[in-house]
Structures are given as C-alpha cells and as structure tokens.
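S.K.: Okay, sequence plus prediction incoming.
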Amino acid sequence: MKRESRVRDRRTLDNRLNKLPKKEEFAVPPQGWIKSIREALGMSAADLGNRMGIARQSVLTLEESESQGRAGMDSLNRAAEALDCTFIYGFIPNSSLESILRNQVVKIVDQSMGTVSHSMKLEDQATKLTDSAYEDLVTELMNSPKVWHSMNPKQNSK
C-alpha cells in the first residue's frame, strides 16, 4: 500500500509541477524582487519601511540580503505583504520526479551490474542482463525506499 501511495503521490506532484512555468521565468532580478517591485511601484525605501514597521536602513539591508540570497523567508514574506504581493516558496525540479527517480535507479543498477560483471569476468563467467530483465529490475527498484541510500550525493551528480 505504501508503495502504491508513493507512486500515486509522485505522479500527482509531477502533474502539479508540470503546470508551473519553467524555472527561467522565475529568474530573480539582479537587484532582487523587493527592490525591483518597490521601485516599479515608485515606492521609496522609507515608505516600504513604514509599511513594514522597520527603518529605511533595514529595508536597504533586507534588499541587499535578498540580492545575495541570504534573506530569511519571514522577512521576504513581510516585505511581500507590504508590497501587496504574495511570497511563494517552492522547488521546481529540473525534470519530472519520475525521471529523477529513474535516473537514480539506473545509476544504481548500472553500478551494481558493473561490479557483478567485473567479478564474473575475473571468475571467467559471462553475465548479460536482457533488456526486459534490466527494465524489470529498474521498475522494481523504483518502488524501493532505499534507492537513495545506495550512493553518496557526490556520486549522484556524476
């Protein structure tokens, strides 16, 4: 049941994520969202500070922190509210969750098969997995909760 639930949840989330614009459309302006929106509205840092209940200098510090990727979510949310905006936090996967998982499983299978093949060659035994057996193994492992335990993160990115 847990396996079916995980597959269903992954597919549901993939469907939701597919409806989002591409990550390039969310590129943060060079000076950050707060300053960009504030200036587009013709609002001074002092005015935004008044709306947020903080000093002008604190707004400038927040804008600088945001442009450097160091601003906290609470501060970003408060600034968004003061700018009559909605702060949204999220992750946009580089590909579907199904693809990310499958790529991880394929790495594990290939690595395991490479190790087994090497051992079998040393023993002068041949080993070859048929395409359908390979796919069956990949499909089975995609439902395993231990997929991510097999390789360290540095190996995952290769």
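M.R.: Sure, I can see it.

S.K.: what number of residues lie near residue 54?
M.R.: 17 (other C-beta atoms under 10 Å). The C-beta positions use only the backbone N, C-alpha and C, and glycine is treated the same way.

S.K.: can I see the domain layout of this structure?
M.R.: The chain breaks down into these domains under automatic domain parsing: 1-20+93-158, 23-91.

S.K.: gap between the shortest one and the chain center?
M.R.: Centroid displacement of domain 23-91 relative to its chain, using C-alpha atoms, centre = their mean, to the nearest Å, is 23 Å.

S.K.: which residues sit in contact with residue 65?
M.R.: 71, 75 (C-beta atoms under 8 Å, 6 or more residues apart in numbering).

S.K.: 10 Å - rerun?
M.R.: Contacts for residue 65 were tallied using C-beta atoms under 10 Å, 6 or more residues apart in numbering; they are 32, 34, 71-72, 75-76.

S.K.: host element of it?
M.R.: Here residue 65 sits within helix 56-67, counting by DSSP states H and E.

S.K.: What residues does residue 74 make contact with?
M.R.: residue 87.

S.K.: out of the domains of the chain, deepest packed?
M.R.: The highest mean neighbour count among the domains of the chain, using mean count of other C-beta atoms under 10 Å, belongs to domain 23-91: a mean of 15.

S.K.: Need the three-state assignment for residue 79.
M.R.: helix (DSSP: H, G, I helix; E, B strand; the rest coil).

S.K.: Is the nearest residue to it once chain neighbours are set aside within a helix or a strand, and which one?
M.R.: Excluding the flanking residues, the one nearest residue 79 by C-beta to C-beta, 6 or more residues apart in numbering is residue 34, at 4.9 Å. Element membership of residue 34, judged by DSSP H and E, is helix 33-40.

S.K.: Kindly export the helix or strand that that helix is followed by (C-alpha atoms) in CSV.
M.R.: Downstream of helix 33-40, the first helix or strand assigned by DSSP H and E is helix 45-52. Only the C-alpha atoms of helix 45-52 are listed here, as CSV (Å, rounded to 0.1, in the frame of the first residue of the first chain):
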residue,chain,number,x,y,z
ALA,A,45,12.7,52.5,0.9
ALA,A,46,11.4,54.8,3.7
ASP,A,47,7.8,54.2,2.6
LEU,A,48,8.3,50.4,2.4
GLY,A,49,9.9,50.6,5.9
ASN,A,50,6.9,52.4,7.2
ARG,A,51,4.6,49.8,5.8
MET,A,52,6.7,47.0,7.3
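
S.K.: Having no further points to raise, I will conclude here.
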